[in-house]
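Chemist: Provided below are the primary sequence and the corresponding predicted coordinates.
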Amino acid sequence: MDLTIRPRRLRGNDNIRRLCRETRMSPDSLIYPIFVDETLRGKRPIESLAGQYHYGLDCVTQAAQECLDHGVGRCILFGLPERKDALGSSAWDEHGVVQEAIRAIKAAYPDFYVITDVCMCEYTDHGHCGALCGHEVDNDATLELLAKTALSHARAGADMVAPSDMMDGRVAAIRAALDDGGYTGVPILSYSAKYASAFYGPFRAAAGSAPAFGDRRGYQMDPHNRKEARKECALDVEEGADILMVKPAMPYLDVLRECADAFDLPMCAYQVSGEYAMIKAAAAAGLIDEHRVMCESAVSIFRAGADMLITYYAKELADAMGKGEIG
């Protein structure tokens, strides 16, 4: 071996390791999920997501303040409505739970960036992501409902909308509704490659969004498929998406890498509830170092091509970045 070539020279201490990092991250790339419950006053722990909370409208600004205290300036809102029906009509109510949460946060922190999840599953009494025709989701009938919901979020002051339903044509429908309503500057973060994953369980418990019958494999992607993700992303690009997403994150790093290479738009990943819960459970059992695994898992997602990350660990990751441990 030619000992003049020594890669270890660039690993000798923390200063040089940080200097030579290939993957750069900052708190600006983190998005924190916030759950707002219309029936709640104050906040309560989420049983399925250790360390996370449901917030009432009276204290949702506390969630934003906690983010800002850690240097995280962006959130994505999920609403738990008081009332559900077959169409999920409270989703586009001008005084619905998400709409009022947006107004509260923006009144207190005008520069805090609010993204809203646009889907019907939390608002329908059957738990599926749109209007039903028999036991199947009616794709085209659902597009109008999604467009109305996104427009109501924009009217309330949302900075960005994020459709997560996986209906065909939803990006185009939402883009048209926003533009016609005068909200041409509101971007769309599309859940472009959202897989029918078993990793969503803790979220569905937290959001009260589990389907009452059947499953979502008829509209979410088959975990066996990789090339199909590129097709879904290409369709969203054509329809006017501004940012693309792969969800879940770590089980689909290959998909994330391929889509990041294939498309010029910013790429988001969602480290979903099951990923978070597994780290928490393993740490609670004394099997892993939670902090190091949290950091390493986030680095892997950015290394695979993510430009931004939705994660329940956003605040802790921002602290780690501030200390130079990652990023």
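Modeler: All right, it came through fine.
Chemist: Which strand or helix spans residue 32?
Modeler: strand 30-37 (DSSP states H and E).
Chemist: With only the CA atoms kept, save that strand in CSV.
Modeler: In CSV, the C-alpha atoms belonging to strand 30-37 read as follows (Å, rounded to 0.1, in the frame of the first residue of the first chain):
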residue,chain,number,x,y,z
LEU,A,30,-36.3,20.8,9.5
ILE,A,31,-40.2,20.8,9.7
TYR,A,32,-41.9,19.8,12.9
PRO,A,33,-45.4,18.1,12.9
ILE,A,34,-48.0,19.7,15.2
PHE,A,35,-51.3,18.0,16.1
VAL,A,36,-54.2,20.4,16.9
ASP,A,37,-57.3,19.0,18.6
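Chemist: average pLDDT across it?
Modeler: Taken as a whole, strand 30-37 has an average pLDDT of 98.
Chemist: what's in contact with the helix or strand following it?
Modeler: For strand 30-37, the following helix or strand on the C-terminal side (DSSP H and E) is strand 43-45. For strand 43-45, contacts defined as CB atoms under 8 Å, 6 or more residues apart in numbering pick out 52, 53, 54, 55, 56, 59, 62, 63. Every C-beta, even on glycine, is put in place using the N, C-alpha and C of the backbone.
Chemist: just checking, what packs against the following helix or strand past strand 43-45?
Modeler: Per DSSP H and E, the first helix or strand lying C-terminal to strand 43-45 is strand 53-55. Identification of packing neighbours for strand 53-55 by 3 or more CB pairs under 8 Å, 6 or more residues apart in numbering; DSSP states H and E yields strand 30-37, strand 43-45, helix 60-69.
Chemist: make it 10 Å
Modeler: With contacts defined as 3 or more CB pairs under 10 Å, 6 or more residues apart in numbering; DSSP states H and E, the packing partners of strand 53-55 are strand 30-37, strand 43-45, helix 60-69, strand 74-80, helix 201-207.
Chemist: need those in a markdown table with distance to residue 290 and mean neighbour count, can you?
Modeler: Below are the helices and strands packed on strand 53-55 laid out as a markdown table (distance: least, CB to CB, whole Å; neighbours: other CB atoms under 10 Å):
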| stretch | distance to residue 290 | mean neighbour count |
| --- | --- | --- |
| strand 30-37 | 17 | 24 |
| strand 43-45 | 18 | 14 |
| helix 60-69 | 19 | 19 |
| strand 74-80 | 23 | 23 |
| helix 201-207 | 16 | 20 |
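Chemist: Reformat the ones you listed into a markdown table and put distance to residue 291 next to each item.
Modeler: Shown next, in a markdown table, are those (distance: least, CB to CB, whole Å):
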| stretch | distance to residue 291 |
| --- | --- |
| strand 30-37 | 16 |
| strand 43-45 | 21 |
| helix 60-69 | 18 |
| strand 74-80 | 22 |
| helix 201-207 | 20 |
